[in-house]
Every structure is written in structure tokens, then in C-alpha cells.
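Participant: Have a look at this fold, sequence not included:
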């Protein structure tokens, strides 16, 4: 399996989601400095953790694939989503390597049928509210603002 899949259409994404239990998606933009900064980290994690049929990694250029970004209501870059099949389970907003690693740990544990402790679940649930730290860019009515 390739390290990550560059999503070029809604159909590409749907196909990928149907073939893997979990998918971690990096929503990015070419003009976004935090996206560029975190890209090598995401790509390295993908090369280390992608597992055929189990965990896939994908990148979506929000400007090239606005219909995919719209599907998931992406309004900040970078945003990383963890999906189980087609259902969003967790989200990280901003270039936060530790939070992205937590998405991977969560997916691996769940995929392997391991229990996730109450403390871990609480930490993972906080990911949904942003990941903190690494900064990002938001779009507001077509205007981009740094966060």
C-alpha cells in the first residue's frame, strides 16, 4: 500500500473509505504555512502506520477538491479527520503532531479490538475540539485568517 493517497475526487475518497476500517485525512492548502510544516510529519506517520484494509492515510487539497472539504465542513487548515469507514470519529485542527499520533493510536487500538481506558477516551475526546498548539488558518466568507 502507498504511504498515503492523494484524493482527487469524491469517488476516490469513497473508494478508499470502503476498503479500510479507519482512514486519517489531512485537509490542507498549498498557501497554508502550518500545512507545509506538518506535511513531512504526516507523510512519515503514514509510511509507518498505513495497513492495507485497516488504516489508510489520505491528503485532500481543499482548493483542488472543494466538494470533499464541503462534505466534512472543513473551515480550518490543516484539519485532520479520523473516519471509521465513512463516519467521522475524531478531528484535530492545527499542525499538532502529538494529536495526530493520538488519532493513530486510537485507530490502532480500536482496530485491534483493544480496550480504550476511560482516561484515554477522555484525552481522545478532547481532540475533537482542536488539538491545540500548532496554529492553522480559518476561512471566513472567503477571507483567510490565521488562528
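Facilitator: Now that the structure is in, tell me what you want to look at. Keep in mind that this is a model prediction, so the values were computed, not measured. Numbers count the residues shown, from 1 in each chain.

Participant: and residue 116, how far is that from residue 107?
Facilitator: Distance of residue 116 to residue 107, computed by C-beta to C-beta, to the nearest Å: 11 Å. Bear in mind the C-beta positions are built from the backbone N, C-alpha and C, glycine included.

Participant: Revised request: answer the last question for residue 22.
Facilitator: Distance of residue 22 to residue 107, computed by C-beta to C-beta: 4 Å.

Participant: Residue 90 too?
Facilitator: With distances taken as C-beta to C-beta, residue 90 is found 9 Å from residue 107.

Participant: Between the two, which contacts overlap?
Facilitator: Counting by C-beta atoms under 8 Å, 6 or more residues apart in numbering, the common neighbours of residue 90 and residue 107 are residue 82.

Participant: Please compare these two by neighbour count and tell me which comes out ahead.
Facilitator: The residue with more neighbours, out of residue 90 and residue 107, is residue 107; 25 against 21, by other C-beta atoms under 10 Å.

Participant: pLDDT score assigned to residue 126?
Facilitator: As predicted, residue 126 sits at a pLDDT of 55.

Participant: Then residue 34 would be within a helix, right?
Facilitator: Yes. Judged by DSSP: H, G, I helix; E, B strand; the rest coil, residue 34 forms part of a helix.

Participant: didn't it look like it was pressed against residue 97?
Facilitator: No. With contact defined as C-beta atoms under 8 Å, residue 34 does not reach residue 97; the gap is 11.3 Å.
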